[in-house]
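K.L.:
Sequence and predicted model, in that order:
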Amino acid sequence: MKLLTDAKLVTESGGKRELDAVLGRCIQEHSVEALLSLQLLTRDDYGGFTMKTEMKRAAALCLLTFGERGITSLVEIFEQEPRFSNATLILQILSQLASGEYPSLSSDLPLDLAELVTTHLPPIASISQFAETMLNKVVLSITDEDDLNSWVGVTLQMSFAFQGRNNFSSTRKLLSAMALRTLTVGIPIIEQFEELLRASPNDEPALQHFLESNPLLLDPLAVRVWPRPDLHGKKEPDFLIQRADGTYLVIEIEIPSKSLITLSNQVSAETSHAIAQALDYRNFLQIRYQSAQQTFPDFRVPDALVIVGMENSLNAEQLETLRRENEARTNLQIIGFDFLARRARTMLGNLTHGRVSIERFRLF
């Protein structure tokens, strides 16, 4: 443990020269002890020493030679000690990596050490997406808005200092992470929903309540939602939704633990029952169209949506059965609860990152 012992000595009484020597040994050894030493050197505040920011940054840059393990270490340092010096350093490095570029090494490391680090860095393409995920995680984990605004403000200033005012790529990544906090259906809501599906697959009242509180999970285009509307005292669907395009959707939910497609590749009894109910509600509203128009703004005969079971529990043949069932039906779709979370994550990525695949193709 000689390397770790020397790293501790640097934090207690060493200067920049001693730090650079230990950093070089860490890069060359590239061992578990080296990783632990770099974590210590990044975490420590060096007794408030004037050069602490430069020393912490130098160690943090060397951590990047460990790829995803090094990035995870940076996030863990912040989680364990969420103070100003750690937050601004880690936000700046993660936003730079997320933009598809490594931070500059020449201003923080001597030339020989910078060259050594460069030879050990993994390709940026292999870690940029992971860095963006970790950046979002860090920003979303900060509960104090004053701390967040202060840390992000200083990080943006640091970005200008290290990148120049003509390069806003890392700034955009940081602002995108900030935007995730304000979205109605962001990562925290999606993760809460996924946890509810895992922990309470039989609790329909809890699911109903969660979806009432977060109706955009049911339909991203929803503008009006009526939970359990009383239809003349005779019918009560789980949800009726009006979409932004003026169309309506009647929804019947079951529970995640119920079967969606049987092992014999047939629609399950639970799914068939939910389909029958959803179509019954649709027909009921269609027959009473004029009455519905007086209650629901610009009412149209609704499409129907059935949500039951989990699609990730289906094998390839069962998924094919589900696809054929949906293709064969008009004005009705059958999905699993996990489809809602998967769609929300896709839309969130489109909104915050603009990652839509555009491909040129001609069918001959």
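P.N.:
Structure's in. What do you need?
K.L.:
Which strands and helices lie in contact with the worst-scoring helix or strand of the chain on mean pLDDT?
P.N.:
Every helix and strand in the chain was compared by mean pLDDT, DSSP states H and E; the lowest is helix 145-163, with a mean of 80. When contacts are defined as 3 or more Cβ pairs under 8 Å, 6 or more residues apart in numbering; DSSP states H and E, helix 145-163 packs onto helix 84-98, helix 169-182. C-beta here means a position set from N, CA and C on the backbone, and glycine is covered the same way.
K.L.:
Residue 306 is in what secondary structure piece?
P.N.:
strand 303-307 (DSSP states H and E).
K.L.:
helices or strands up against that strand?
P.N.:
Here strand 303-307 touches strand 248-253, helix 269-287, strand 332-335, helix 337-353, going by 3+ Cβ pairs under 8 Å, 6+ apart.
K.L.:
For residue 320, list the residues it contacts.
P.N.:
Listed by Cβ atoms under 8 Å, 6 or more residues apart in numbering, the contact set of residue 320 reads residue 265.
K.L.:
wait, is it part of a strand?
P.N.:
No - Residue 320: not assigned to a strand; according to DSSP: H, G, I helix; E, B strand; the rest coil it is helix.
K.L.:
got a pLDDT number for residue 355?
P.N.:
Looking at residue 355, its pLDDT reads 61.
K.L.:
quick thing: my sequence starts at 288, can you match it?
P.N.:
Shifting the count to begin at 288 puts that one at residue 642.
K.L.:
Tell me which of the helices and strands packed on helix 432-450 is the most buried.
P.N.:
Of all the helices and strands packed on helix 432-450, helix 371-385 carries the top mean neighbour count, a mean of 24, counting by mean count of other Cβ atoms under 10 Å.
K.L.:
can you give me the mean pLDDT across the next helix or strand after it?
P.N.:
Using DSSP H and E, the helix or strand that follows helix 371-385 in sequence is helix 398-407. For helix 398-407, mean pLDDT is 94.
K.L.:
Check which residues of the helix or strand following helix 398-407 are buried.
P.N.:
Remark: after helix 398-407, the chain's next helix or strand is helix 415-428, criterion DSSP H and E. Burial within helix 415-428, assessed by neighbour count using 16 or more other Cβ atoms under 10 Å, is assigned to 415, 417-427.
K.L.:
now, among the residues you listed, which is nearest to residue 308?
P.N.:
Of all those, residue 418 has the smallest distance to residue 308: 28.0 Å, by Cβ to Cβ.
K.L.:
if we can go back for a sec, need the winner for burial among the helices and strands packed on strand 590-594.
P.N.:
Looking across the helices and strands packed on strand 590-594 with neighbours counted as mean count of other Cβ under 10 Å, the highest average goes to strand 535-540: a mean of 24.
K.L.:
now it and helix 624-640, what's the angle there?
P.N.:
Relative orientation of strand 535-540 and helix 624-640, computed by axes from the mean of the first three to the mean of the last three Cα atoms, to 10 degrees: 130 degrees.
K.L.:
that older thread, what strands flank the strand holding residue 593, and is each parallel or antiparallel?
P.N.:
Note on strand 590-594: by DSSP bridges, its sheet partners are strand 535-540 (parallel), strand 619-622 (parallel).
K.L.:
Tell me which residues are up against the last one.
P.N.:
Put plainly, it is strand 619-622. 547, 554, 558, 562, 565-566, 569, 590-595, 598, 609, 612-613.
K.L.:
Output the contacting helices and strands for the helix or strand residue 581 falls within.
P.N.:
Assessed by DSSP H and E, residue 581 sits inside helix 576-582. The contact analysis (3+ Cβ pairs under 8 Å, 6+ apart) places helix 576-582 against no helix or strand.
K.L.:
Show me what counts as buried in that helix.
P.N.:
Those would be residue 579, for helix 576-582 by 16+ other Cβ under 10 Å.
K.L.:
Would you mind extracting the C-alpha trace of it into CSV?
P.N.:
Written as CSV, here are the backbone C-alpha positions of helix 576-582 (Å, rounded to 0.1, in the frame of the first residue of the first chain):
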residue,chain,number,x,y,z
TYR,A,576,-72.5,11.0,-28.5
GLN,A,577,-74.7,14.0,-28.2
SER,A,578,-74.8,13.8,-24.4
ALA,A,579,-71.0,13.4,-24.3
GLN,A,580,-70.6,16.5,-26.4
GLN,A,581,-72.4,18.5,-23.8
THR,A,582,-70.0,17.3,-21.1
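K.L.:
Look up how far residue 582 lies from residue 517.
P.N.:
Taking Cβ to Cβ, to the nearest Å as the measure, residue 517 falls 10 Å from residue 582.
K.L.:
Residue 601 now?
P.N.:
Residue 601 is 38 Å from residue 582, by Cβ to Cβ.
K.L.:
One more: residue 556?
P.N.:
For residue 556, the distance to residue 582 - Cβ to Cβ - is 33 Å.
K.L.:
what's in contact with whatever helix or strand residue 308 lives in?
P.N.:
Using DSSP H and E, residue 308 sits within helix 303-316. For helix 303-316, the surrounding residues in contact (Cβ under 8 Å, 6+ apart) are 290, 293-294, 296-297, 301, 321-322, 324-325, 328, 338, 341-342, 345-346, 349, 352, 396-397, 399-400, 403-404, 407.
K.L.:
Quick one: buried ones out of the residues you listed?
P.N.:
Buried, going by 16+ other Cβ under 10 Å: 290, 293-294, 297, 301, 321-322, 324-325, 328, 341-342, 345-346, 349, 352, 396-397, 400, 403-404, out of those.
K.L.:
And residue 628, how far from residue 607?
P.N.:
According to Cβ to Cβ, residue 628 and residue 607 sit 22 Å apart.
K.L.:
go on, residue 369?
P.N.:
Applying Cβ to Cβ to residue 369 and residue 607 gives a distance of 48 Å.
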